[in-house]
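Trainee: Predicted coordinates and the sequence they were generated for:
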Amino acid sequence: MTDLLHNRDYLHKRHRLSHAQIDRWLGEKRSNEFVQEKMKRMEHVRQFLLITDKLRQQNIPFVCIKGPLLSLRLYGDPTIRLSHDVDLLIDKKHLDAAVKTMQAEGFDFAHDFIWPKERHRQELFLQSIHHLEFFNRKTLFCVEIHWVLSSQLAIPMQKVRKIMNENITTIPFSGRDFTVLNKEFELLYLLIHGARHGWKRLKWLIDINEYTKQKLDIELLERLIRLMKAGRIVGQTNYLLEKYFNNHLPVPCKKHANRIMIKYADKSINSEQEFIDYTSNVEIIKDKAYQWFIFSTLSYKCTFFPGIFVRSVDVRSKNFSNKISYVLYRPYSFLKRRILNG
């Protein structure tokens with residue numbers, strides 16, 4: 001373990017650990033010195049309740065992913081985990097209503113995004129991105145609305161949707177019932193999420209380590225791992241758990257992560273920077289090589305290069321009258337950016 005992983009400021013800012021989590025990690029008792037953080041997390045939970053109440057009033061069903069409810073489930077306190085935003089999974093048929101609800105509550109699209117009125121442009125957006133990000137400038141609260149659990153998985157999205165629908169449950173919180181993933185599927189989702197992001201934040205591994213202390217249906221967890229073709233990720237996670245916690249997942253694993261996956265994860269966790277340098281061709285190649293090995297299925301390999309036919313930025317900046325125009329524009333867009341503009 002590097003010296004940085006013993007530095008409270010680094011753990012808080014770089015890995016987004018709360019001071020209560022850092023206390024556990026370092027074996028200290030200093031979280032009481034950071035009362036302002038606790039108050040911010042309480043306000044975060046209040047905003048979460050307000051926006052989900054509005055969605056309920058508009059009869060928009062949603063599934064809560066991570067956020068305060070994961071914190072409650074793992075730590076018995078919705079304010080222990082730090083999270084930059086709240087993730088809600090909403091079916092595509094309710095997306096228009098959800099967008100209108102968010103805007104009515106003072107939320108704007110982040111990064112100057114504009115949700116198009118044209119149906120064909122909306123459909124192209126849904127194919128090229130997997131969530132919409134909203135930001136309330138007054139409350140400084142961020143909400144991400146997803147319509148798929150995760151992009152680029154080992155099996156087709158319709159199968160993922162079916163598996164997820166069979167593995168949801170409800171938990172009570174603040175006088176309300178919230179729909180969430182069951183424990184086994186949520187744990188698997190955390191494994192996939194951590195691996196897909198290269199384990200750049202230690203917080204995800206800490207959550208998984210906490211999850212191993214929960215009462216789980218091991219047979220169901222094994223079946224879900226098989227269905228989602230996540231054997232390599234289980235092997236990688238076990239390596240990291242053993243290295244940092246002397247622990248492992250409560251399921252047998254016959255597959256081992258290859259050297260590329262192990263080396264990338266080690267470097268990512270111990271890096272001073274959270275994001276890779278996308279101006280460096282070497283770093284881009286390393287990242288793509290790592291992502292290539294996460295899953296072995298043909299379905300995953302076929303979706304490995306998003307935006308090969310349509311680029312979301314083109315859909316946002318160009319108002320063509322049909323879908324095929326965006327496909328035809330894609331080669332010109334690529335040549336213009338990469339060749340003509342250097």
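Mentor: All right, it came through fine. Residues are numbered from 1 along each chain as shown.
Trainee: Got phi/psi on Val180?
Mentor: Comment: the main-chain dihedrals of Val180 come out as phi -140, psi 170, following degrees, to the nearest 10.
Trainee: partner residues bridging it?
Mentor: Cys64, Thr169 (DSSP bridges).
Trainee: Burial check on the closest residue to Asp85 other than its chain neighbours, number of neighbours?
Mentor: Closest residue to Asp85 apart from its sequence neighbours, by Cβ to Cβ, 6 or more residues apart in numbering: Cys142 at 3.7 Å. Just so you know, the C-beta spots here come from the backbone N, C-alpha and C atoms, and that holds for glycine as well. Per other Cβ atoms under 10 Å, the neighbour tally for Cys142 reads 18.
Trainee: who's in contact with the most centrally placed residue in the chain?
Mentor: Residue closest to the average C-alpha location in the chain (Cα atoms, centre = their mean): His193, at 5.4 Å. The contact partners of His193, by Cβ atoms under 8 Å, 6 or more residues apart in numbering, come to 150, 204.
Trainee: My understanding was that the residue nearest to Asp85 contacts Phe134; is that so?
Mentor: Yes - between Cys142 and Phe134 there is a contact under Cβ atoms under 8 Å: 6.9 Å.
Trainee: is it true that the residue nearest to Asp85 lies in a strand?
Mentor: Yes - assessed with DSSP: H, G, I helix; E, B strand; the rest coil, Cys142 lies in a strand.
Trainee: Report the contact partners of it.
Mentor: 84-86, 110, 133-136.
Trainee: Need the phi and psi values for Ile155.
Mentor: Dihedral angles (degrees, to the nearest 10) for Ile155: phi -130, psi 160.
Trainee: For burial, what's the neighbour tally of it?
Mentor: For Ile155, using other Cβ under 10 Å, the count is 17.
Trainee: Could I get the pLDDT score of it?
Mentor: If you check Ile155, the pLDDT there is 94.
Trainee: Just give the nearest non-adjacent residue to it, would you?
Mentor: Ile155 sits nearest to Ser299 (Cβ to Cβ, 6+ apart), 5.7 Å away.
Trainee: Just the CA trace of the host helix or strand of Ala97, in CSV.
Mentor: Following DSSP states H and E, one finds Ala97 within helix 95-104. Taking Å, rounded to 0.1, in the frame of the first residue of the first chain, the C-alpha atoms of helix 95-104 are listed here in CSV:
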residue,chain,number,x,y,z
LEU,A,95,-38.3,9.5,-20.0
ASP,A,96,-40.1,12.5,-21.4
ALA,A,97,-42.2,12.8,-18.3
ALA,A,98,-39.1,12.5,-16.1
VAL,A,99,-37.3,15.2,-18.1
LYS,A,100,-40.3,17.6,-17.7
THR,A,101,-40.5,16.8,-13.9
MET,A,102,-36.8,17.5,-13.4
GLN,A,103,-37.0,20.8,-15.3
ALA,A,104,-40.2,21.8,-13.4
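Trainee: immediately after the helix or strand hosting Leu70, which helix or strand?
Mentor: Under the criterion of DSSP H and E, Leu70 resides in helix 67-75. Downstream of helix 67-75, the next assigned helix or strand under DSSP H and E is strand 86-89.
Trainee: Within the sheet, what are the partner strands of that next one, with directions?
Mentor: Checking strand 86-89 against DSSP bridges gives partners strand 63-65 (antiparallel), strand 141-146 (parallel).
Trainee: would TSV of the ones you listed with distance to Leu249 and mean pLDDT be doable?
Mentor: Formatted as TSV, those follow (distance: least, Cβ to Cβ, whole Å; pLDDT from 0 to 100):
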stretch	distance to Leu249	mean pLDDT
strand 63-65	20	97
strand 141-146	25	95
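Trainee: just checking, what's the longest helix in the protein?
Mentor: helix 35-57 (DSSP state H).
Trainee: what about Leu82, how many neighbours?
Mentor: Neighbour count of Leu82, defined by other Cβ under 10 Å: 20.
Trainee: That one reaches Ser18, doesn't it?
Mentor: Yes - judged on Cβ under 8 Å, Leu82 makes contact with Ser18 at a distance of 4.9 Å.
Trainee: Pull up the overlap in contacts between these two.
Mentor: With Cβ under 8 Å, 6+ apart as the test, Leu82 and Ser18 both reach Arg41.
Trainee: Run through the stretch 201-342 of the chain and note the low-pLDDT ranges.
Mentor: Along the stretch 201-342 of the chain, the parts satisfying pLDDT under 70 run over 254-255, 275-280, 305-313, 315-318, 323, 326-329, 332, 334, 336-342.
Trainee: what about the helices in it?
Mentor: All helices of the stretch 201-342 of the chain, identified by DSSP state H, counting those that start in this stretch, fall at 202-211, 218-227, 231-245, 259-270, 281-294, 298-302, 312-317, 323-335.
Trainee: what's around Asn281, how many residues?
Mentor: Neighbour tally, Asn281, other Cβ under 10 Å: 9.
Trainee: and what of the one 10 residues further on?
Mentor: The burial metric for Gln291, expressed as a neighbour count using other Cβ under 10 Å, is 17.
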